[in-house]
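**Student:** Return a 3D structure for these sequence lines:
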Amino acid sequence: MTSASMNQFRLTYHPLGGGVAVDRTVQAPTLDQAYEVAATVIADAHGMAGEHVAFDRSARRLTVGAGYRSRRGSFTLDPVAA
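**Tutor:** Next comes the predicted model:
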């Protein structure tokens, strides 16, 4: 059994209207999987573990959750050069 190689991605997140900003490196085999890790990190930063995070990759904006509890912000998620 072979394990997938892990890549590093730099995640930054800035919530609109203030709040907990995130700046960290995450590890995942692919960029798509890095987005899954980033979603967990960002939802947890808002105390909303398990909430859906919708990424607009081209605009680099996101929404956490839905309805009156939803939160919005801007983000980057880029590969770290080896």
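
**Student:** those helices in this structure, which residues are they?
**Tutor:** Along the chain, counting by DSSP state H, helices occupy 31-45.

**Student:** Work out which residue lies at the spatial centre of it.
**Tutor:** For the chain, the residue nearest the mean C-alpha position is Ala38 (2.7 Å; C-alpha atoms, centre = their mean).

**Student:** Quick check, pLDDT for that residue.
**Tutor:** On the pLDDT scale, Ala38 is placed at 97.

**Student:** Test my guess that it contacts Leu77.
**Tutor:** Yes. With contact defined as C-beta atoms under 8 Å, Ala38 reaches Leu77; the gap is 5.5 Å. To be clear about C-beta, it is placed using only N, CA and C from the backbone, and glycine gets the same treatment.

**Student:** List the residues that contact the residue nearest to the centre of the chain.
**Tutor:** 9, 11, 13, 26, 53, 55, 75, 77 (C-beta atoms under 8 Å, 6 or more residues apart in numbering).

**Student:** Mutual contacts of Ala38 and Leu77, please.
**Tutor:** Joint contacts of Ala38 and Leu77 (C-beta under 8 Å, 6+ apart) are 9, 11.

**Student:** out of everything not next to it in sequence, what's closest to Gly73?
**Tutor:** Closest residue to Gly73 apart from its sequence neighbours, by C-beta to C-beta, 6 or more residues apart in numbering: Pro15 at 4.1 Å.

**Student:** Would you mind measuring from that neighbour to Glu51?
**Tutor:** Distance, Pro15 to Glu51, using C-beta to C-beta, to the nearest Å: 14 Å.

**Student:** circling back: in a markdown table: the contacts of Ala38, plus pLDDT and distance to Ala34.
**Tutor:** Formatted as a markdown table, these follow (pLDDT from 0 to 100; distance: C-beta to C-beta, whole Å):
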| residue | pLDDT | distance to Ala34 |
| --- | --- | --- |
| Phe9 | 98 | 4 |
| Leu11 | 98 | 8 |
| Tyr13 | 97 | 13 |
| Val26 | 96 | 6 |
| Val53 | 97 | 13 |
| Phe55 | 98 | 11 |
| Phe75 | 98 | 12 |
| Leu77 | 98 | 6 |
